[in-house]
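Enquirer: 3D, please:
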Amino acid sequence: MQYISTRGSSNPLTFVQAVLEGLARDGGLLVPKEIPDFSGQLNRLSSLSYKELALEVFTPFVDGDIPREVLYKLIDKSYNVFANNEVTPLKFLDNITILELFHGPTLAFKDVALQFLGNLFEEILKNNDIRLNILGATSGDTGSAAIHGVRGKERINIFMLHPKGKVSPIQEKQMTTVLDKNVFNVAVEGTFDDAQSIVKQIFNDLEFRDKYHLGAVNSINWARVMAQIVYYFYAAFRFREKYPSTEIVFSVPTGNFGDIYAGYLAKKMGLPIKRLILATNENDILYRVLETGEYKISSVKSTLSPSMDIQIASNFERYVFDITGQKGEVVAQKMKTLAETGKFDLTAEEHNATKSVFLPVRVNTKETLETIRKYKVKGVLLDPHTAVGVAAAEKSGFSQVIALSTAHPAKFSEAVVNAIGEEPSYPESLIGILDKECKCETVKNNYIDVEKLIEAKFL
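Expert: Numbers count the residues shown, from 1 in each chain. Modelled structure (predicted):
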């Protein structure tokens, strides 16, 4: 399997090279040249455990770069740390099925990909006798999941940027209370989009990138997306056991487009998904582009679902590459126009291609709170991001929807208290976390300052 850039100007890479590079050297995102077809294997795959299914999904993408038996050991190690044996179990309600993605060590869906990526990095670095400085940005959950995935590992430093004061207190503490010597938390005086922009600027500084052996854990890294494909297959198989003849519809709370892009790939691979509901909060750039065909950046609004407070959805570029017919030069021009003007347009043909796949639904703060209250009465406590997805599912008009539950409600206790007037129960891992010792450095919204920090802490 070869990996190519969405902007068409980088040489093809192997899987291991793509994982280590993270971002393509022409500034684009790496994607597999071909998407495997699983449509004739669904019956066989449906009986597999989560780990066995992950092995089958990963195998064609890894394409022999890692021996199959080693790949399974990495999968087994990654998901043994989850609190539920199913890894991503389903909870069936009346017209909503909740896909619980928060049973990993940091209680968020990012664990599904980042526990695997941390172990994958360790295996690759050991086999190639190299070191890596991981650089990433987080709107909340990626940071803690990535840090927990690589903390204490040899040959790896991690520098994780987050927008200062714009993640939940629990999210911040899950990152900054990890005191391992290879972990560096960096608070950026700006938004998540600013932090993400800094990461891309540094990766595009090829001399610096090579000198300091930089690697990526954000969803710009292909392995992140690959790992998330699995739970769409697993959820659909379990759903069909209960509802054999019901159409499969997923509702995905969406900020950076990575999670829902994994669902899109599952559909391309042959999973019979009727529609992917793209659920946004007031930061609705993805809603607007799917409704109008114009991708236009506006100011970031602070909401109860801070992990979705994003205006530059990086992974949308991967999807644009697909609907342009994999024309890297067209994508490169759109991204250049975006950088210069703050917007770009889909053609009528490109816009029409989105309509059979995605249903965009916008959910405001009032609707988010109402949904948390409504489902508390039903015996299910939702975090605010999940509530956006559930509310969108209810507004969609579909009679049965699988809604992705992306985080444990205790990570967003302020929103829960706002909705129901009481604190959520806290898992053992979060008890007392707000009082623990922290380690974090603050930088201005400037990539040069982050480069200086990496230089000072270089392995």
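Enquirer: so how far is V300 from P60?
Expert: 38 Å (C-beta to C-beta, to the nearest Å). Any C-beta I mention is one placed from the backbone N, CA and C, and that applies to glycine too.
Enquirer: could you do G255 as well?
Expert: Here the criterion is C-beta to C-beta. By it, G255 lies 10 Å from V300.
Enquirer: and for V401?
Expert: 28 Å.
Enquirer: quick one, phi psi at E100?
Expert: E100 adopts backbone torsions of phi -80, psi 110, taken as degrees, to the nearest 10.
Enquirer: tell me the bridge partners for it.
Expert: Listed by DSSP bridges, the beta-bridge partners for E100 are S405.
Enquirer: and it, how many neighbours?
Expert: The burial count assigned to E100 is 20, neighbours taken as other C-beta atoms under 10 Å.
Enquirer: what ranges do the helices span in the stretch 101-250 of the chain?
Expert: 110-128, 141-150, 169-176, 192-203, 206-211, 222-242 (DSSP state H, counting those that start in this stretch).
Enquirer: check the ones you listed for me and report the most buried one.
Expert: Most buried of these, by mean neighbour count (mean count of other C-beta atoms under 10 Å): helix 141-150, with a mean of 28.
Enquirer: quick one on the thing from earlier: any idea which of the helices of the stretch 101-250 of the chain scores lowest on pLDDT?
Expert: In terms of average pLDDT, helix 141-150 trails the rest of those, at a mean of 84.
Enquirer: quick one: which of P60 and V300 has more around it?
Expert: Neighbour count, other C-beta under 10 Å: between P60 and V300, V300 has more, with 22 against 16.
Enquirer: what pLDDT is listed against the more buried one?
Expert: So, for V300, pLDDT stands at 87.
Enquirer: who's in contact with it?
Expert: T191, F192, D193, N283, D309, I310, Q311 (C-beta atoms under 8 Å, 6 or more residues apart in numbering).
Enquirer: tell me the contacts of the third one?
Expert: I take that to be D193. V300, I310, Q311, I312.
Enquirer: which ones among these are found in helices?
Expert: Using DSSP state H, no member of the contacts of D193 sits in helices.
Enquirer: and which of the residues you listed is nearest to Y234?
Expert: I310 (26.6 Å; C-beta to C-beta).
Enquirer: let me see the ranges of the strands in the stretch 301-450 of the chain.
Expert: 343-345, 358-362, 401-405, 441-443 (DSSP state E, counting those that start in this stretch).
Enquirer: winner for burial among the ones you listed?
Expert: By mean count of other C-beta under 10 Å, the strands of the stretch 301-450 of the chain have strand 401-405 as the most buried, with a mean of 27.
Enquirer: you'd agree L382 is up against I372?
Expert: Yes - contact criterion C-beta atoms under 8 Å: L382 and I372 qualify, at 5.3 Å.
Enquirer: out of those two, which sits in the more crowded spot?
Expert: L382 (30 against 26).
Enquirer: distance of L271 relative to I229?
Expert: L271 is 9 Å from I229, by C-beta to C-beta.
Enquirer: can I take it that I277 is in a helix?
Expert: No - using DSSP: H, G, I helix; E, B strand; the rest coil, the secondary structure at I277 is strand, not a helix.
Enquirer: contacts only, for R155.
Expert: Neighbour list for R155: E122, L125, K126, I130, R131, L132, L459 [criterion: C-beta under 8 Å, 6+ apart].
Enquirer: would you reformat those as CSV and include distance to I66?
Expert: Rendered in CSV, the data for these read as follows (distance: C-beta to C-beta, whole Å):
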residue, distance to I66
E122, 12
L125, 13
K126, 12
I130, 16
R131, 19
L132, 16
L459, 24
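Enquirer: which one of the residues you listed is nearest I433?
Expert: The closest of the contacts of R155 to I433 turns out to be E122 (C-beta to C-beta; 25.8 Å).
Enquirer: spatially nearest residue to that closest one (excluding sequence neighbours)?
Expert: Counting by C-beta to C-beta, 6 or more residues apart in numbering, K153 is the residue found nearest to E122 once chain neighbours are left out, at 5.2 Å.
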